[in-house]
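> This is the structure alone, sequence omitted:
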């Protein structure tokens, strides 16, 4: 079975602080993808990044960066110099080749609510 | 707007009534997914279509739920004899291709069963 754990339910920071959102996953698949999605108050899930299981290079996109460590089954997400507009719920998700959740379906964590105070 | 579109955005229904939701995926996207999201939780997979074929159904999808994608374009999700436990956000997503590709989500239909 596949599982994604986001242990941080809610994080509150002050604008311009850096913040890291943790994600730990479990899967028996050797080939899989990891995703991060953002869900603002409007409700629509917005795709942020996709990483495959064979690429452990860290990635940076503007103020966002991702740290994938296969040895610890973690895919953490850091926002540098946070802004009020970053306030949202962030979901980590896993997509495997098989799994009881369906072919290519995403298994989501329970999300981390980030509140950035001005 | 060329994103995934869902209708209605909100639905309030009485227990026991049937409801139907519609999802229009991004055009040319061959894969379509339905997820359900309850408060404070991540989305949970319900079912998946590749073109018009329904290839997977989650154990979460009871006999009261049925989904169709008749022409491989839009999809409908029907819930019969709604129960209060069906209250949730129903999300539709679409993707293109046969491998690992990112899914694009609609804004969802929020169902409240009273």
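Great, that's in hand. Just so it is clear, the structure is predicted and the values come from calculations on it, not from any experiment.

> center of chain B, which residue is that?
Closest to where the C-alpha atoms of chain B average out (Cα atoms, centre = their mean) is residue B:34, at 3.3 Å.

> quick one, what contacts it?
The neighbours of residue B:34, taking Cβ atoms under 8 Å, 6 or more residues apart in numbering or on different chains as the test, are B:23, B:45-48, B:67, B:75, B:77, B:90-92. Glycine gets a C-beta too; all of them are placed from N, C-alpha and C.

> tell me which helix or strand of the chain sits lowest on mean pLDDT?
Using chain A. Lowest on mean pLDDT, DSSP states H and E among the helices and strands of chain A sits strand A:59-61, with a mean of 85.

> please go with chain B instead
The element with the least model confidence among the helices and strands of chain B, by mean pLDDT, DSSP H and E, is strand B:53-57, at a mean of 89.

> tell me which residues in the next helix or strand after that strand are buried?
Note on strand B:53-57: by DSSP states H and E, the next helix or strand toward the C-terminus is strand B:65-68. For strand B:65-68, the neighbour count (16 or more other Cβ atoms under 10 Å in any protein chain shown) marks B:65, B:67 as buried.

> helices and strands around strand B:65-68, which ones?
With contacts defined as 3 or more Cβ pairs under 8 Å, 6 or more residues apart in numbering or on different chains; DSSP states H and E, the secondary structure elements packing on strand B:65-68 are strand B:44-50, strand B:75-79.

> can you tell if stretch B:77-94 touches chain A?
Yes - contact between stretch B:77-94 and chain A is present through B:89, B:91, B:93 (criterion: Cβ under 8 Å from any Cβ of the partner chain).

> What's the end-to-end length of that stretch?
Stretch B:77-94 has its terminal residues 15 Å apart, counting by Cα to Cα, to the nearest Å.

> Skipping adjacent residues, who's closest to residue A:106 in space?
Closest residue to residue A:106 in three dimensions, ignoring its sequence neighbours and counting by Cβ to Cβ, 6 or more residues apart in numbering or on different chains: residue A:93, at 4.3 Å.

> and the least confident helix or strand of chain B, what does it pack onto?
In terms of contacts (3+ Cβ pairs under 8 Å, 6+ apart), strand B:53-57 is packed against strand B:44-50.

> Give me the helices and strands touching the strand it packs on, please.
Counting contacts by 3+ Cβ pairs under 8 Å, 6+ apart, the secondary-structure elements packed against strand B:44-50 are strand A:106-108, strand B:31-37, strand B:53-57, strand B:65-68, strand B:75-79.

> Can I get the ones you listed in CSV including distance to residue A:51?
Formatted as CSV, these follow (distance: least, Cβ to Cβ, whole Å):
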stretch, distance to residue A:51
strand A:106-108, 14
strand B:31-37, 20
strand B:53-57, 24
strand B:65-68, 30
strand B:75-79, 29
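
> For chain B, what's the nearest residue on chain A?
Proximity of chain A to chain B (Cβ to the nearest Cβ) peaks at residue A:108, 3.1 Å away.
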